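J.: This is a predicted model, with the sequence first.
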Amino acid sequence: MTPTTSADLPTAAHRNQLLRTMMSEHAKALLAYADKLLNDRYMAEDIVQEALIRAWPHAERLYSTEGSVRGWLLTVTRNLVVDRMRSAVARHETIGAEDKDVPLPDHTGAVLASVVATGLLRRLSHEHREVLLHTYLCGRTVQETARVLGIPAGTVKSRRHYALNILRAEAGKGLTPER
């Protein structure tokens, strides 16, 4: 095996010229082929670009052998299309223009409500928060809450009443514009 010298390596200018030749001779045919397979012009352009990128390091060898450059490029293009379609099917996606602008659900309202509710609950005393926790979040009745907390049922009702009044008043303050 003989060592490779810098004189044996193709120059960057020569490889770039081969790439320009490849693009001018084959790009339209590759695009038509990929577009026919995919029925999506933009994805076909991406596929052709990828095929030409893959061909660029091998351009000198492709033009120096007796094989067909277009045949090699069409094979690479077909393989890229198949890979793209298989990956979309594996992810249960469809390839088409109708799927490009699907709006995603917005959770900012729920996050904001949670932040506001947390801030309001922090303004309550521990006893008031505890009663609201048991009656609303845990779904317990007044009697069950009284038994769990070890306080009379009337106290549970009273704390719940005053806690809700405080929350309404505090929430009302936050909703009115300041002047």
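T.: Received, thanks. Numbers count the residues shown, from 1 in each chain.
J.: Could you use CA atoms for every contact and neighbour count after this?
T.: Fine.
J.: I'd like to know which helix or strand in this protein has the lowest mean pLDDT.
T.: helix 59-64 (a mean of 69; mean pLDDT, DSSP states H and E).
J.: following it, which helix or strand comes up?
T.: Later in the chain than helix 59-64, the nearest helix or strand by DSSP states H and E is helix 69-90.
J.: how distant is that next one from the center of its chain?
T.: Computed by CA atoms, centre = their mean, to the nearest Å, the chain-centroid distance of helix 69-90 equals 24 Å.
J.: buried residues in that helix?
T.: The neighbour-count check on helix 69-90 (16 or more other CA atoms under 10 Å) flags 69-70, 73-74, 76-78, 80-81, 84-85 as buried.
J.: And these, which is the shakiest by pLDDT?
T.: Of all those, Val69 has the smallest pLDDT value, namely 77.
J.: Distance check, Ala55 against Arg70.
T.: From Ala55 across to Arg70, the span is 11 Å (CA to CA, to the nearest Å).
J.: and if you look at Leu80?
T.: Counting by CA to CA, the gap from Leu80 to Arg70 is 15 Å.
J.: next one: Leu120
T.: From Leu120 to Arg70 the distance is 70 Å (CA to CA).
J.: relative to helix 69-90, how tilted is the longest helix that the chain contains?
T.: Ranked by number of residues, the top helix in the chain under DSSP state H is helix 12-38. Compare the direction of helix 12-38 with that of helix 69-90 by axes from the mean of the first three to the mean of the last three CA atoms, to 10 degrees and you get 50 degrees.
J.: Which residue is most remote from the mean position of the chain?
T.: In the chain, the greatest distance from the average C-alpha position (CA atoms, centre = their mean) is reached by Pro152, at 52.7 Å.
J.: contacting residues around stretch 120-128?
T.: Residues outside stretch 120-128 that contact it (CA atoms under 8 Å, 6 or more residues apart in numbering): 129, 159-160, 162-163, 166-167, 170-171.
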